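Enquirer: Show me the folded form of this:
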Amino acid sequence: MGKATAVCLDNLRRWATNPRIFLIALLTLLMEEQMMVGGIRAFSTLVDIAVTPWVYPFLTGDWYIALMELFGAILLFCDAPFMNQGTPYLFIRSGRAPWFMGQVLYIFSASAIYQLFIAAGAALLLLPRLMWSEDWGKVLGTLAQTEQGLTVGIRLADTVVRNFSPAQAMPLSFLLCWMVTVLFGMVIFAVNLVLPRLWGAVCAAILALVMPFSINASGRLLQYFSPGSWMCLPLVDFRGTSPYPSLRYVLTAGWTLIGVLTALSYWRYRKQPVDALPDL
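Expert: Alright, predicted model coming up:
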């Protein structure tokens, strides 16, 4: 595990010189600002009431924003498996199995950092209208439960406010979004071990686009096969009273798929040569 952790940290250190990481960060902040946070801040200014920082669960309550987050994750992991000019030397020092586990650990770690950045970015973009409170606050509550948000062009998911407190919604939303981000990273990793790089990103993009079709379909059956939908709190059944996939199904299916993809990737990787590849 020590060698695997070193491989993971080496990948993370390379973010400092990778322009794609800065592009992802910039596009993420622009997406949050234009699609939701800017409207919340404008409404807060309009009514002269500060807003609480619990915006993160509402982001994926909008399936369009959730789709944009998935494309950001695809851009983050499009070059999996993560081989660069220093890979052969690192591979020799770590060994085959630790190197592979380091790549998987990197996908888990990078997914967590990506989601934490989304949550922190949404809160910081609310400045200087930000305030601290343990509940949703008047601004988020009003935007979710009334039509007032139409004045600034947004509408928050009322199911988030009705069914959860911020202390419940924030970690639960993070868990689901982190799991789905890891799943898409492993899809890209597994496909790129078999096909030329970029095919993994293509397959992941097709999988992400299943989400709008599943939401607009007449029934809910397709949502059971749409991992992108699993990161949206309003599209998960928590009380057994809706046709959406249950939380147990979502967690079981998500982590099972991650385990299967990890096992298949290692089976394919065992006899595959490790070469230096150019950055994408």
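Enquirer: residue ranges of the helices in the stretch 1-150 of the chain, please?
Expert: In the stretch 1-150 of the chain, the helices defined using DSSP state H, counting those that start in this stretch lie at 2-13, 19-32, 38-47, 56-59, 63-77, 87-94, 96-124, 137-145.
Enquirer: in the longest one, what counts as buried?
Expert: For helix 96-124, the buried set under the neighbour-count rule, 16 or more other Cβ atoms under 10 Å, comprises 98-111, 114-115, 118-119, 121-123. For the C-beta atoms, the positions are set from N, CA and C on the backbone; glycine is no exception.
Enquirer: sorry, back to before: any idea which of the helices of the stretch 1-150 of the chain scores lowest on pLDDT?
Expert: Lowest mean pLDDT within the helices of the stretch 1-150 of the chain: helix 87-94, at a mean of 68.
Enquirer: A122 touches E32, doesn't it?
Expert: Yes: assessed by Cβ atoms under 8 Å, A122 is found in contact with E32 at 5.2 Å.
Enquirer: overlap in contacts of the two?
Expert: Common contact partners of A122 and E32 (Cβ atoms under 8 Å, 6 or more residues apart in numbering): L59.
Enquirer: Pop out the phi and psi values for I49.
Expert: phi -130, psi 130 (degrees, to the nearest 10).
Enquirer: tally of neighbours for it?
Expert: 14 (other Cβ atoms under 10 Å).
Enquirer: Can you give me the distance of it to V139?
Expert: According to Cβ to Cβ, to the nearest Å, I49 and V139 sit 6 Å apart.
Enquirer: Pull the contacting residues for the residue lying closest to A123 once chain neighbours are set aside.
Expert: Using Cβ to Cβ, 6 or more residues apart in numbering and skipping residues adjacent in sequence, the residue nearest A123 is P53, 3.7 Å away. Counting by Cβ under 8 Å, 6+ apart, P53 makes contact with A122, A123, L126, L130, W132.
Enquirer: thinking A204 is in contact with V187, fair?
Expert: Yes: applying Cβ under 8 Å as the test, A204 and V187 come out as touching, 5.0 Å apart.
Enquirer: so V55 makes contact with M36?
Expert: Yes: the pair V55 and M36 qualifies as a contact (Cβ under 8 Å) at a distance of 7.0 Å.
Enquirer: what sits in contact with each of the two?
Expert: Taking Cβ under 8 Å, 6+ apart as the contact rule, V55 and M36 both touch A122.
Enquirer: Which phi and psi values does A80 adopt?
Expert: According to degrees, to the nearest 10, A80 has phi -70, psi 150.
Enquirer: burial count for it?
Expert: Other residues within reach of A80, judged by other Cβ under 10 Å, total 26.
Enquirer: ok so, going back, redo the helices of the stretch 1-150 of the chain as a markdown table? Include distance to I215.
Expert: Below are those laid out as a markdown table (distance: least, Cβ to Cβ, whole Å):
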| stretch | distance to I215 |
| --- | --- |
| helix 2-13 | 34 |
| helix 19-32 | 19 |
| helix 38-47 | 21 |
| helix 56-59 | 16 |
| helix 63-77 | 5 |
| helix 87-94 | 40 |
| helix 96-124 | 21 |
| helix 137-145 | 19 |
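Enquirer: Could you say which of the ones you listed is packed most deeply?
Expert: Comparing these by mean neighbour count (mean count of other Cβ atoms under 10 Å), helix 56-59 comes out on top with a mean of 26.
Enquirer: helices and strands around that helix, which ones?
Expert: Secondary-structure packing of helix 56-59 (3 or more Cβ pairs under 8 Å, 6 or more residues apart in numbering; DSSP states H and E): helix 63-77, helix 96-124, helix 166-194.
Enquirer: List the buried residues for stretch 157-166?
Expert: Buried residues in stretch 157-166, counting neighbours by 16+ other Cβ under 10 Å, are found at A157, T159, V160, V161, F164, P166.
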